[in-house]
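Engineer: sequence first, then the predicted structure:
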Amino acid sequence: MKITDIACHVLVADDVDPGLTSSAQDSLLVVVTTDEGLEGYGESDLNPWIGRACIEASGTHTMGLGMAELLKGKDPRNVEALWDHVYTMTAMNGRRGALIHALGAVEMALRDLAGKIAGEPLWKLLGEPRPTPLVPYASLQPAGSSFEAYRDALCESAENAKKLGFKAVKAECTMAGPYAHDGMNESYDRHTEVVAAVRRTLGPDMTLMVDVQYLWRDAETAWSVLRDWEEFDLYFVETPLWPDFLDEHARLAAWAPFRIASGEWLSTRWEFEDLIERGRIGVVQPDVGRVGGVGEARAVCEMAAERNLPVVPHCWKTGVSLSATAHLAFATPGIAFVEFLPPQLCIEKLRRELATEDLVLENGEILPPTRPGLGVEINWDAVRAYGRP
Ligand SMILES: [Mg+2]
């Protein structure tokens, strides 16, 4: 069996607003085709034009070869060997960042193919099944641009998640800083008020995580706010600090009574090694596409397990990435929660329309998927509607 084609679809929602903080307004969809007519689907969370260039660019010398050129004609079945070959032979094009994020989409498509070739859902090929149910958390969606509208939208979203049977939620609480919602610039006290309001809405029993999206640059300032958050019984606070400031992470982690979570932007296990060892984080958050694919995410999960750290993968994309994340979790006991929002609750068009996943939410848990590979069906009308040259 041979790889005959690697097609890269640049998808951008027709209502895209570059001022919004949601990266689910676009997608890089990769389709790997074989000479036997099988197709594997993969996706990654990066600017899709940049991702496509990383895959399609021709090589110019032995350590800067072209990704698609390296893979065409190869047998798709030994995914780890192919990943290593591409990683090595494209090293001077980028051993980190965009090139690895794009490689993650290709690797995901190869994993989908592997499952389809075996006639098994991907999770069954990845190892022993997890012994405990897979619990998803709902990401609460903010709205508006005033403090009151933002707070109330999160509380309403928390009510909806509760009604749907979710056992855990994550509230974005970012009304200032580089990731501020809709240009907001509210005081830190108001951030505390939002977390308090969401906790009141949920009651004491549901798990609550909070994502402040790189709000602070140093541990002292972060701690001046976060020391008041102990009473909210948080499972973690996500990305309180800029990801390059590893020593600040370690200082904050030493003070905080709850876990510090981070890792959504990182590529490769080696970046995670730094974040874990030097940054002393408490929850590890690989994004399956961005980190370099299912295999690289597994390596990160193993690294976390050796240190008894829970993994809560990042995923804010379509059913393709959500499925890859869920399959990984069904074979990885250390994954404590997965990010999962049913399409009907999402405002992002690509999440709603691009792919139908084989994931059923029942009593606050996700049931193991049964279709071969990722179990994803692509809506080709959406690919045509949102495709860009
Ligand atoms: Mg986040």
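Structural biologist: Cool, got the structure. Keep in mind that this is a model prediction, so the values were computed, not measured.
Engineer: check the residue positioned nearest the centre of the chain and give its pLDDT.
Structural biologist: Most central in the chain under Cα atoms, centre = their mean is Cys315, positioned 2.4 Å from the mean C-alpha point. The pLDDT attached to Cys315 in the predicted structure is 96.
Engineer: starting from Val169, give me the distance back to it.
Structural biologist: Distance, Cys315 to Val169, using Cβ to Cβ, to the nearest Å: 15 Å. Every C-beta, even on glycine, is put in place using the N, C-alpha and C of the backbone.
Engineer: can you check Glu56 too?
Structural biologist: Per Cβ to Cβ, Glu56 is found 39 Å from Val169.
Engineer: same check, this time on Asp45
Structural biologist: 21 Å.
Engineer: try Val12
Structural biologist: For Val12, the distance to Val169 equals 29 Å [Cβ to Cβ].
Engineer: who's more crowded, those two?
Structural biologist: Legend: neighbour count by other Cβ atoms under 10 Å for Val12 and Val169, higher for Val169 (27 against 17).
Engineer: quick one: contacts for that one?
Structural biologist: Residues near Val169 by Cβ atoms under 8 Å, 6 or more residues apart in numbering: Tyr137, Ala138, Ser139, Leu140, Ala158, Ala161, Val198, Leu202, Met206, Thr207, Leu208, Met209.
Engineer: go with 7 Å
Structural biologist: Counting by Cβ atoms under 7 Å, 6 or more residues apart in numbering, Val169 makes contact with Tyr137, Ala138, Leu140, Ala158, Ala161, Leu202, Met206, Leu208.
Engineer: redo these as TSV? Include secondary structure, neighbour count and distance to Trp270.
Structural biologist: Written out in TSV, the entries for these read as follows (DSSP: H, G, I helix; E, B strand; the rest coil; neighbours: other Cβ atoms under 10 Å; distance: Cβ to Cβ, whole Å):
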residue	secondary structure	neighbour count	distance to Trp270
Tyr137	strand	24	28
Ala138	strand	26	32
Leu140	strand	27	33
Ala158	helix	24	37
Ala161	helix	28	35
Leu202	helix	23	37
Met206	coil	21	36
Leu208	strand	22	32
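Engineer: go through those and name the one nearest Met92.
Structural biologist: Among the contacts of Val169, Tyr137 lies closest to Met92 (Cβ to Cβ), at 39.3 Å.
Engineer: how about the closest one: what's its closest non-neighbour residue?
Structural biologist: By the measure of Cβ to Cβ, 6 or more residues apart in numbering, the closest residue to Tyr137 outside its immediate chain neighbours is Ala168, 3.8 Å from it.
Engineer: please look at the one you found and Ala336 and confirm they touch.
Structural biologist: No: judged on Cβ atoms under 7 Å, Ala168 makes no contact with Ala336 at a distance of 9.0 Å.
Engineer: separation between Leu309 and Arg280?
Structural biologist: Distance of Leu309 to Arg280, given as Cβ to Cβ: 10 Å.
Engineer: revised request: answer the last question for Leu11.
Structural biologist: Using Cβ to Cβ, one obtains 38 Å as the distance from Leu11 to Arg280.
Engineer: do the same with Arg351
Structural biologist: Taking Cβ to Cβ as the criterion, Arg351 is separated from Arg280 by 33 Å.
Engineer: for these two, indicate the residue with more neighbours.
Structural biologist: A side-by-side neighbour count of Arg351 and Arg280, using other Cβ under 10 Å, places Arg351 first with 25 against 17.
Engineer: and the more buried one, what helix or strand is that in?
Structural biologist: helix 349-353 (DSSP states H and E).
Engineer: give me the residues contacting that helix.
Structural biologist: Residues from elsewhere that reach helix 349-353, judged by Cβ under 7 Å, 6+ apart: Leu11, Ala13, Asp15, Ala24, Gln25, Ser27, Thr318, Pro343, Cys346, Asn379, Ala382, Tyr386.
Engineer: rerun that using 8 Å as the cut-off
Structural biologist: Contact partners of helix 349-353, identified using Cβ under 8 Å, 6+ apart, comprise 11, 13-15, 24-27, 317-319, 341, 343-344, 346, 379, 382, 385-386.
Engineer: list the buried ones in stretch 363-380?
Structural biologist: Gly364, Ile366, Pro368, Pro369, Arg371, Pro372, Gly373, Leu374, Gly375, Val376, Ile378, Asn379 (16 or more other Cβ atoms under 10 Å).
Engineer: can you count the residues close to the residue nearest to Tyr137?
Structural biologist: Around Ala168 there are 21 other residues, counting by other Cβ under 10 Å.
Engineer: SS state for the nearest residue to Asp5 once chain neighbours are set aside?
Structural biologist: In space, Asp5 comes closest to Thr33 once its chain neighbours are excluded; the distance is 4.3 Å by Cβ to Cβ, 6+ apart. Thr33 carries the three-state label strand when classified by DSSP: H, G, I helix; E, B strand; the rest coil.
Engineer: can you give the domain ranges for the chain?
Structural biologist: Using automatic domain parsing, the domain ranges for the chain come out as 3-119+381-388, 125-379.
Engineer: hang on, the earlier thing: residue contacts, the residue nearest to Asp5?
Structural biologist: If you count contacts by Cβ under 8 Å, 6+ apart, then Thr33 has Ile3, Thr4, Asp5, Ile6, Ala7, Glu39 around it.
Engineer: cool, Trp242 as well?
Structural biologist: Taking Cβ under 8 Å, 6+ apart as the definition of contact, the neighbours of Trp242 are Tyr214, Trp216, Arg217, Glu248.
Engineer: give the buried residues for whichever strand or helix holds the last one.
Structural biologist: Yep, that's Glu248 we're talking about. Assigned by DSSP H and E, Glu248 belongs to helix 246-255. Taking 16+ other Cβ under 10 Å as the basis for neighbour counts, the residues of helix 246-255 that come out buried are Leu246, Glu248, His249, Ala250, Arg251, Leu252, Ala253.
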